[in-house]
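In: predicted coordinates and the sequence they were generated for:
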Protein chains: 2
Amino acid sequence: MKRLRCEKLKNKVMSSKEAAKFFEDGMIVGTSGFTPAGYPKAVPLEIANRAKNGEEIGLTIITGASVGPEIDSVLTEANVIKRRYPYQTTSTMRNAINNNKVNYCDMHLSHTPQWVKYGFLGDMDIALVEAVCITEEGYIVPSTSVGNSNVFVNCAKKVIVEINTSQPLDLEGIHDIYDLDNPPKRKPIPLINPSDKIGTPYIKCDVDKIAAIVFTDLKDKTRPVAPTDEVSKKMAHNLINFLEEEVKSKRLPKNLLPIQSGVGSVANAILGGLQDSEFKDLVVYSEVIQDSVLDLLDSGKVKFASGTSLTISPDRLDGFYKNFSKYKNKLILRPQEISNSPEVARRLGVIAINTAIEVDIYGNVNSTNIMGSRMMNGIGGSGDFARNGYLTIFTTESIAKNGDISSIVPMVSHQDHSEHDVMVIVTEQGVADLRGLSPKERAVSIIENCAHPDYKEELYKYFNKAKEGKYKHSPHILNEALSWHERFMKTGSMKQLGTKEA
Amino acid sequence: MKRLRCEKLKNKVMSSKEAAKFFEDGMIVGTSGFTPAGYPKAVPLEIANRAKNGEEIGLTIITGASVGPEIDSVLTEANVIKRRYPYQTTSTMRNAINNNKVNYCDMHLSHTPQWVKYGFLGDMDIALVEAVCITEEGYIVPSTSVGNSNVFVNCAKKVIVEINTSQPLDLEGIHDIYDLDNPPKRKPIPLINPSDKIGTPYIKCDVDKIAAIVFTDLKDKTRPVAPTDEVSKKMAHNLINFLEEEVKSKRLPKNLLPIQSGVGSVANAILGGLQDSEFKDLVVYSEVIQDSVLDLLDSGKVKFASGTSLTISPDRLDGFYKNFSKYKNKLILRPQEISNSPEVARRLGVIAINTAIEVDIYGNVNSTNIMGSRMMNGIGGSGDFARNGYLTIFTTESIAKNGDISSIVPMVSHQDHSEHDVMVIVTEQGVADLRGLSPKERAVSIIENCAHPDYKEELYKYFNKAKEGKYKHSPHILNEALSWHERFMKTGSMKQLGTKEA
C-alpha cells in the first residue's frame, strides 16, 4: 500500500471514531494545518460528535495558523475548544473569541513553535496531523501544509495521523522539514536561497508514538478567491510603480528580492498585479502559496516559490493536482519555524507586503482588532516579516464600509505594528514612503498620499491642532485621538455630521 | 608611534579645526558612539565653532545610539543638527526634537546599519569615528564602542578618524568586527556562542578614503549611575524569583541563557541583583556593558560579556582601565548589526530585560513617548531583543511622579511593543507572567500582580466596564481609554479627585 508503507504501523489503523477516543477533557492538542489546507478533518468531526452526545471534553487547540471548519467551526459549536493558538479565520471561532467562549492568544506565527518547544504553553498531549502517506520507516509526509506539524509530532506524547487520500501522493517530495534545536544548542539555519533544500521530505517520528492512523478522503475546505476589483487593481498599480522606482534608484535589483505577501483576496490581487509588470525571474518566500502565485509560475514571472502552505481555491484545485508535475520543482513547503523565521527573512531581504485594517497618521498599524476591541483574525506572520523585511509595505483601501470608515485615522484603536516597523503605506490613493521621516513628516506624507479625499481635511485639522503647544514629537490630542472610532460606533460613520462634536 | 602605525596616513594628521572644514551644509554624517562611549569629540566641537561664527552648516547625524554632549548638546545648540537617527539621550537634543528643531526618526538599532547600507537614508558623506589606533595597513581600531562604525566607514565617501589617547591602547583586541553583505548575498552569521570571535579586531578601510586624522585626549563623558534604591531592589528580587521558578520548572537551564539588559540606573540595579542570587556561570549578550556587569565579572557570577559598548561610570573608569587586563578575555565588543541581530538573539535565546515607561492592562508597552506625544530617548535595541528573546521581560516601577502617574494604564498613550512581544511584566509589586494568556486573562494578571494598590480599584473599574457588551476580545472604552493621561495633564495626577469626570 503506497499510503502506509510501514509494516509496524498497519495495526494502528482504525476508524476516526475509535481514534477520537484518545482525546480527553483538559488535553492540549496540536494539529497540522495552515490556512484551510492540510489540517485534520475526520477525527475532529468525531470528537465533536462525542461532545454533542453529552461527553465533557474541553481542549486547547494549537495549530499552524487558521484551519478549516471541521476544527474551528464544528468543534467550537460543540463547545470543545476552550483555548486557541495562534490564528483563526472562521466566523464561528471569531464570534466565540469575541464573546468569551474561547480564550484566544493571538501570536506571531514564528513564536508558536518556539513556545511549544520551550514548554510555555504546557505539555502537548496529542499531535493530530494530516499526511499524504507514511514511509517505510514510519515517517510522516505532510499534505498541503507543514505549519507546526514537525514541532507538534516531536513534542506531543502521542501522535495521531490522518492519511488523506484526496491529497495527491505526488505531494511527496515538496516538503523540506528542518528542525531547530532549542537554545543554547541552536545553530544557524543553513538557508541562503529560497530554493535551498536543507532538511528531509518527511517528519521523523518514533513509530511507538503513533497511537492511531485514520484514513479519510475529506477535501481541504479552501475558500474561493474574490475576483480582482478596481480598487485592488489601483493598489497593485501603486505598489508596482513604487517597486519600479526603487529599481531605478538602485535600491532593489531588477528581479527584486524574495516577495512575501499576506493572505486573502486583496493580497492575491496585489500579487496578481505583478503579472502585468515588467518584472521577471521573481522569487516568492512567503507563508501561503495562493492562486496568484500559480499564475505567476505559469507565466514564468515567478521562477520559484517557498511557503508553508498551498492554498488553492476550490475551482482550481483539481487542475492544480492534475498538472502538479509541472509545479513540483518550483515549490517547497517548509515548517513555519523556517518560512516565518526572522533570521531567514532578514538574510534573504524579503519584500514584506501585508494588509492593514487601519493605519494612523504616524504610521502605526492595526492588523487585528476592529474599533479597538473586536478581534478579526490575528496578527499571523505579518510581524515576522514586517520587522525583518528589506522593504516593509502595508496595504489598505483608504476607506471601508462604503466610506463610513477611514482606514487612515488620527490614532489606531489597536496597534500590532509600530512606526518602527512600517516603511511604506499603499492605498488606492497613492504611496507614502515613510523611510527616515520624523513623525510629523510621516503624517503629511500619509494624509497627502494615502487618505481618501473625504477625510483629508479632517485629518489635517486633527494634526494641525495636535501640533499646537510644546513637547510634541508625535503630536496627539488624547481626548480626540480615538474620537473617530467613537463617532463610528455612535453614528455609523466616522464622518462629521455638520458640526464637530465637543 | 603606537597609535598611528600606517606610514601612508601620517600626512593626514591635522588639527580638529582643519578636519572640521570637511563638513558642508546638507551633508549626511555617520559617527561612532553607542551611549556616551567611543564617540568623536574634538571635531564636533570645532564644527560647532564654525556655526557659532556664522557659517550655515546643517547636518544629518547618524550614530550607533546615544552619544555624548559634544555632539548631541553642543552641535544641537549651535543649530547644526537638522536630522537625527537613531537614538538620543541628552536633554538638549530631546528638547530640540520635541520642539520641532530637529527631525528625529526613532529606529530599532538593528535597522540603522541596514538602512544606511541599503541607501534608505541617503548617501553618507563622511564617517567620523573615534579610534584607539590605526594599524600598519590603515585599519581602524575602535575605542569603547563599535556601534555602526564599521558600516559608516564602509559606506561613507570620506572617513575622518579621531585617535583618542585617553582611551587605553589595551582596548585593541576586544573588538570583533564582522560585516554583513546585503541581500541577496547575505550569509548566516556564524555566531553560536556569545564568546565566539567571528571577525577581525579592526575595521578595514581603504587608506585613500581616510581624509583626516585628529589626535585628541577628551574623555568619554559617561554618566554616573544612581545608587540602587529600595524600589529597584524589590524589582530585582521579583525578577530573580521569577527566573528561579523557571529553572525549577525546567524551562531554563541552571545558568540561565544569555542575558540582555537595557541601559540606565534601574537596569543597572536590576542586573546588579544577580550578585546576591544563586545563579552562576552567567553570560551576558547585550548592547551595553555597564558597571553592574563589571561587578558580576569580578565576583565570577558572569563568565563572559558580549556587547557593542563599554559604558563605565566616571568614578570607576580609571580603575577599570588600570585593571583592564583581567577583563580583556571576558569581553567582546561587536558591531550593533551583530549585537542587536534578531538572528543571533533568537538563536542564543537571550533573556531580554528592558524598561517600560508604561504598560497597559493587555500587555502593550510604551518605551518612548510620555503622555503620547513627548519623546524621551527612543526605542533603542529593546525591540530587537524583545521580539526575539527566549524570555521577554519588561520592568517598570508601578508608579511615577510620587504616585501621580500609574505606570499601569488602561491603554498606553504610545505603543512601541505590542502584546505579541511581551511575556512578563515586573514591577516592585510583583510579576505578571502573560505567556499564553488571552487579553482578559492578561488584564487580571497585570492589575493583580503589578499595579500599585492606589490604582488597582480604578483599573478593575475600567476593565469591568469595558468588558460589558458584545465583541470584546481586548475590551476598551474608547472615550475613557486615554482619560488617565488626560487627567494627569489637566490636574497633575492620574488619580480621581473625589468624583469621576464625565
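Out: Received the coordinates, thanks. Residues are numbered from 1 along each chain as shown, chains lettered A, B, ... in the order given.
In: can you map out the helices along the stretch 351-500 of chain A?
Out: Here the stretch 351-500 of chain A has its helices, by DSSP state H, counting those that start in this stretch, at A:382-386, A:439-450, A:453-467, A:483-491.
In: can you check which of these gets nearest to chain B?
Out: Checking these against chain B by C-beta to the nearest C-beta gives helix A:483-491 as the closest, at 4.9 Å. All C-beta atoms are positioned from the backbone trio N, CA, C, and that covers glycine.
In: what is the host helix or strand of A:N268 packed up against?
Out: Using DSSP states H and E, A:N268 falls within helix A:265-272. Packing partners of helix A:265-272 (3 or more C-beta pairs under 8 Å, 6 or more residues apart in numbering or on different chains; DSSP states H and E): helix A:230-248, strand A:259-261, helix A:291-298, strand A:351-355, strand A:391-395.
In: at 6 Å instead, please
Out: Applying 3 or more C-beta pairs under 6 Å, 6 or more residues apart in numbering or on different chains; DSSP states H and E, one finds that helix A:265-272 contacts helix A:230-248, helix A:291-298.
In: CSV for those, including mean pLDDT and mean neighbour count?
Out: Formatted as CSV, the helices and strands packed on helix A:265-272 follow (pLDDT from 0 to 100; neighbours: other C-beta atoms under 10 Å in any protein chain shown):
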stretch, mean pLDDT, mean neighbour count
helix A:230-248, 96, 18
helix A:291-298, 93, 21
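In: can you give me how far the helix holding A:N268 is from the chain middle?
Out: On the basis of C-alpha atoms, centre = their mean, to the nearest Å, helix A:265-272 sits 14 Å off its chain's mean C-alpha point.
In: taking helix A:230-248 as reference, get the angle to it.
Out: Between the axes of helix A:265-272 and helix A:230-248, defined by axes from the mean of the first three to the mean of the last three C-alpha atoms, to 10 degrees, the angle is 40 degrees.
In: in CSV: the helices of the stretch 351-500 of chain A, plus mean pLDDT, distance to B:E7 and mean neighbour count.
Out: Listed next are the helices of the stretch 351-500 of chain A as CSV, based on pLDDT from 0 to 100; distance: least, C-beta to C-beta, whole Å; neighbours: other C-beta atoms under 10 Å in any protein chain shown:
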stretch, mean pLDDT, distance to B:E7, mean neighbour count
helix A:382-386, 98, 50, 28
helix A:439-450, 98, 47, 21
helix A:453-467, 98, 56, 17
helix A:483-491, 97, 67, 19
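In: and A:P314, which of those is closest to it?
Out: Within these, the stretch nearest A:P314 is helix A:382-386; the backing value is 25.4 Å (C-beta to C-beta).
In: so which of the helices and strands packed on helix A:265-272 is nearest A:I61?
Out: Of all the helices and strands packed on helix A:265-272, helix A:291-298 comes closest under C-beta to C-beta, at 27.5 Å.
In: quick one: residues in contact with the closest one.
Out: Contacts with helix A:291-298, where a contact means C-beta atoms under 6 Å, 6 or more residues apart in numbering or on different chains, come from A:V225, A:N268, A:L271, A:G272, A:V284, A:V302, A:A305, A:S313, A:R316, A:K330.
In: among those, name the buried ones.
Out: Among the contacts of helix A:291-298, those scoring as buried are A:V225, A:N268, A:L271, A:G272, A:V284, A:V302, A:A305, A:S313, A:K330 (criterion: 16 or more other C-beta atoms under 10 Å in any protein chain shown).
In: what parts of the stretch 401-502 of chain A come near chain B?
Out: Within the stretch 401-502 of chain A, the residues that sit near chain B (C-beta under 6 Å from any C-beta of the partner chain) are A:415-416, A:418, A:420, A:435-436, A:438, A:471-476, A:478-479, A:482, A:485-486.
In: now do the helix or strand of chain A with the lowest mean pLDDT against strand A:351-355, angle only.
Out: Ranked by mean pLDDT, DSSP states H and E, the weakest helix or strand in chain A is helix A:265-272, scoring a mean of 84. In terms of direction (the same axes, to 10 degrees), helix A:265-272 departs from strand A:351-355 by 150 degrees.
In: helix A:265-272 vs strand A:391-395, what angle?
Out: Between helix A:265-272 and strand A:391-395, the angle formed by their directions is 130 degrees, by the same axes, to 10 degrees.
In: pick out the residue nearest the middle of chain A.
Out: In chain A, the centroid-proximal residue (C-alpha atoms, centre = their mean) is A:G380; its distance is 4.3 Å.
In: hang on, it packs against A:P86?
Out: No: using C-beta atoms under 6 Å as the test, A:G380 is too far from A:P86 to be in contact (8.2 Å).
In: buried residues in stretch A:249-259?
Out: Buried residues in stretch A:249-259, defined by neighbour count with 16+ other C-beta under 10 Å: A:L252, A:L256, A:L257, A:P258, A:I259.
In: is chain B contacted by that stretch?
Out: Yes: for stretch A:249-259 and chain B, the contact criterion (C-beta under 6 Å from any C-beta) is met by A:R251, A:L257.
In: now that stretch - C-alpha only, CSV.
Out: Coordinates of each C-alpha in stretch A:249-259 appear next as CSV, following Å, rounded to 0.1, in the frame of the first residue of the first chain:
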residue,chain,number,x,y,z
SER,A,249,17.1,54.2,-7.8
LYS,A,250,19.3,51.1,-7.5
ARG,A,251,17.8,50.3,-4.1
LEU,A,252,16.5,47.0,-5.5
PRO,A,253,17.8,44.6,-8.1
LYS,A,254,15.9,44.2,-11.3
ASN,A,255,14.3,41.0,-10.3
LEU,A,256,13.5,42.5,-6.9
LEU,A,257,14.1,40.4,-3.8
PRO,A,258,12.0,37.5,-2.5
ILE,A,259,8.4,38.5,-2.1
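In: show me what it is in contact with.
Out: The contact list for stretch A:249-259, computed with C-beta under 6 Å, 6+ apart, reads A:194, A:246-247, A:281-285, A:348-351, A:390, B:119, B:183.
In: picking that back up, out of the buried residues of stretch A:249-259, who's nearest chain B?
Out: Chain B lies nearest to A:L257 out of the buried residues of stretch A:249-259, by C-beta to the nearest C-beta, at 5.6 Å.
In: can you tell me the closest non-neighbouring residue to the residue of the stretch 51-200 of chain A at minimum distance from chain B?
Out: The minimum distance from the stretch 51-200 of chain A to chain B, using C-beta to the nearest C-beta, falls at A:P183 (2.5 Å). Closest residue to A:P183 apart from its sequence neighbours, by C-beta to C-beta, 6 or more residues apart in numbering or on different chains: B:G349 at 2.5 Å.
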